[in-house]
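Engineer: what's the 3D shape of this:
(2 chains)
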Amino acid sequence: MSSTNSPARVRFAPSPTGYLHIGGMRSALFNWLWARHTGGTFVLRLEDTDRNRLVEGAAEQIYASHRDLGITPDEGPEQGGQFGPYVQSERLDIYREHAEKLLESGAMYRCWCSPERLTKLREDAQKRGVAFKYDRHCLVPANRRPESEPHVLRFHIPDRPETVAWSDAVRARLEFRTEDLDDFVAMKADGYPTYQFANVVDDHLMQISHVLRADEWIPSTPKHILLYQAFGWEPPIFGHLPAVQGPTGGKKLSKRDGAQSVHEYLDEGYLPEALRSFLASLGWNDGTTQEVYTTDQLVDRFTLDRIQKSPARFDKDRLTWVNGVMLRQMPLQSLLEAAESFWPPVAAEYPTEYKTAVLGLVHERIKFLAEIPELTEFFFADPKPDPAPLTKQLDVTVAQSALERVIQALPSDWTEPALEHAIRPLAEKLDLKTGQLFGLLRIALTGRTAAPGLFETMAVLGHDVTLRRLNTALQTLR
RNA sequence: GGCCCCAUCGUCUAGAGGUCUAGGACAGCGGGUUUUCAGUCCGUCAACCGGGGUUCGAAUCCCCGUGGGGUCACCA
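Structural biologist: You can find the predicted model right below:
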């Protein structure tokens, strides 16, 4: 299948009303994957026709999210392209011009109805238990008003009852009856188009071949198709993606219930590659038992027919696992680069070689980069002296003599094997269990009960620091 | 409420009539490795929403329920 697809032109069209949450990013990723898989083009278009909901800086955040996730658009507001502009508020003339055509052909009509009247209509519909449909009041010649008065442009749903159907790339045939459709507003009174209208005009003008969008758009797709027909245009292929639900399920993922921006994950040290693999698995799989994918594999195997129909829940535990797998597979050098902005402040003065050695010890245990300070802090700063944990397992005198013996036994050959050779036998001589002695030393050296292996830790810490910390521990017991 | 979509372990999913006493993975639990934690290895718990059909045979097809979700804006 992969080689038989012609290059697709796909788009992701968010509106700048806030940051992009994970569900939105998943849609963007699917579009990007399909473009890459077919050797096509990924277009980013900003749908900013609602002036009331614009959020300062949101557009920039959206651009950044794509960049940082590694799915930079081929065409868009930032990169331009031959089908621009890619911001809808800069295309007002285009919409007006096209609206004019449909006005002339009779596919659209002017409507002067007040918000109050519409609200009343809506309430009536609710009372009667039916879906709201505009009553076409302004279609009656007697109700027409001067064109100079504020009005909107409505699309005239065909009077003849018919079925509007399309073959969805994700869920086979979908159909609606025109009787159930409302004469929706295409151009608002402020001169801006609605999504329904701008979307169709732009997708056609930008030669979009596949519209892959969230399935909440299914109910408005017949309106879009009717619009294409009114223009005499060929509709694109529609593919409606299953929703991404929050961790607790139920409602669709929204920004209030734990949904987060890509940046929050990036900031926690989730790798873009891990995010891509995990996000792809939310509603798509290749049918094998493979669980983690490189992006090349994703691009190679991504096909529309393997997109899931049912909603997927966002499971952070699984993301964390994927991230851990990728972190562990990463060469130490790459990990060092990825970790750059995650070091604790105290690490600032230390040389790269030292940090590399430290990273080598936590490489196996790290799940996301933000854990680095917690995992490595004691490599850079002495633990706070505290007698309590030192004597939790052993009484003071035993702990003291153990520390003294270890200090005396420290080898001159400061290597992991030499250290182990010198210290391990001490446990038996002191009549202690290995775990008791090692536990004591671990606390003395790191201030923690959980840390990397004792001897590798000592090897990295170096002779002087090790000796100092052991002495400090001894002092606190006196 | 009208219209629409969806329905396999807690979660992500495999499954396109027989190979399903339903497979993999995450999480959970138990154990091995081991100086702790993590990792790793092994094991374990756990699902076809219900009812009717169709068929020799249904998780897979059809219908009806039920449940969940979406949508009914001069928001996208």
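Engineer: tell me the spacing between the residue of chain A found nearest RNA strand B and A:Asp50.
Structural biologist: Of chain A, the residue with the smallest distance to RNA strand B, taken as C-beta to the nearest atom of the strand, is A:Gly129 at 2.7 Å. Glycine gets a C-beta too; all of them are placed from N, C-alpha and C. As defined by C-beta to C-beta, to the nearest Å, A:Gly129 lies at a distance of 30 Å from A:Asp50.
Engineer: swap in A:Trp217?
Structural biologist: Look at A:Trp217 and A:Asp50: by C-beta to C-beta, they are 16 Å apart.
Engineer: equivalent analysis for A:Leu430, please.
Structural biologist: Applying C-beta to C-beta, one obtains 74 Å for the distance of A:Leu430 from A:Asp50.
Engineer: more neighbours, A:Gly129 and A:Asp50?
Structural biologist: Comparing A:Gly129 with A:Asp50 by neighbour count (other C-beta atoms under 10 Å), the higher total belongs to A:Asp50, at 17 against 6.
Engineer: next one: phi and psi at that one?
Structural biologist: Summarising the backbone geometry of A:Asp50 under the convention degrees, to the nearest 10, its torsions are phi -100, psi 100.
Engineer: quick one: pLDDT of it?
Structural biologist: A:Asp50 carries a pLDDT score of 93 in this model.
Engineer: now for it: which residues touch it?
Structural biologist: Contact analysis of A:Asp50 by C-beta atoms under 8 Å, 6 or more residues apart in numbering lists A:Ser15, A:Thr17, A:Tyr192.
Engineer: which among those count as buried?
Structural biologist: In the contacts of A:Asp50, burial by neighbour count holds for A:Ser15, A:Tyr192, counting by 16 or more other C-beta atoms under 10 Å.
Engineer: tell me the least confident of the contacts of A:Asp50?
Structural biologist: On the confidence scale, these reach their minimum at A:Thr17, with 92.
Engineer: so what's that residue closest to, chain neighbours aside?
Structural biologist: The spatially closest residue to A:Thr17, leaving aside those adjacent along the chain, is A:Arg53, at 4.6 Å (C-beta to C-beta, 6 or more residues apart in numbering).
Engineer: and for A:Leu335?
Structural biologist: Closest residue to A:Leu335 apart from its sequence neighbours, by C-beta to C-beta, 6+ apart: A:Leu359 at 5.9 Å.
Engineer: where's the one you found, which helix or strand?
Structural biologist: Remark: A:Leu359 resides in helix A:352-362, with elements defined by DSSP states H and E.
Engineer: which parts of that helix are buried?
Structural biologist: Along helix A:352-362, these residues count as buried under the neighbour rule (16+ other C-beta under 10 Å): A:Tyr354, A:Lys355, A:Ala357, A:Val358, A:Leu359, A:Leu361, A:Val362.
Engineer: ok, stretch A:418-437 next?
Structural biologist: By neighbour count, with 16+ other C-beta under 10 Å as the criterion, the buried positions of stretch A:418-437 are A:Leu419, A:Glu420, A:Ala422, A:Ile423, A:Leu426, A:Ala427, A:Leu430, A:Leu432, A:Gln436, A:Leu437.
Engineer: then stretch A:24-43?
Structural biologist: Using 16+ other C-beta under 10 Å as the burial criterion, the residues of stretch A:24-43 that qualify are A:24-38, A:40-43.
Engineer: same check on stretch A:103-111?
Structural biologist: A:Ala107, A:Met108, A:Tyr109, A:Arg110, A:Cys111.
Engineer: quick one: name the residues of the stretch 351-478 of chain A near RNA strand B.
Structural biologist: Contact residues (C-beta under 7 Å from any atom of the strand) of the stretch 351-478 of chain A with RNA strand B: A:364-367, A:420, A:434-435, A:438-439, A:442, A:449-456.
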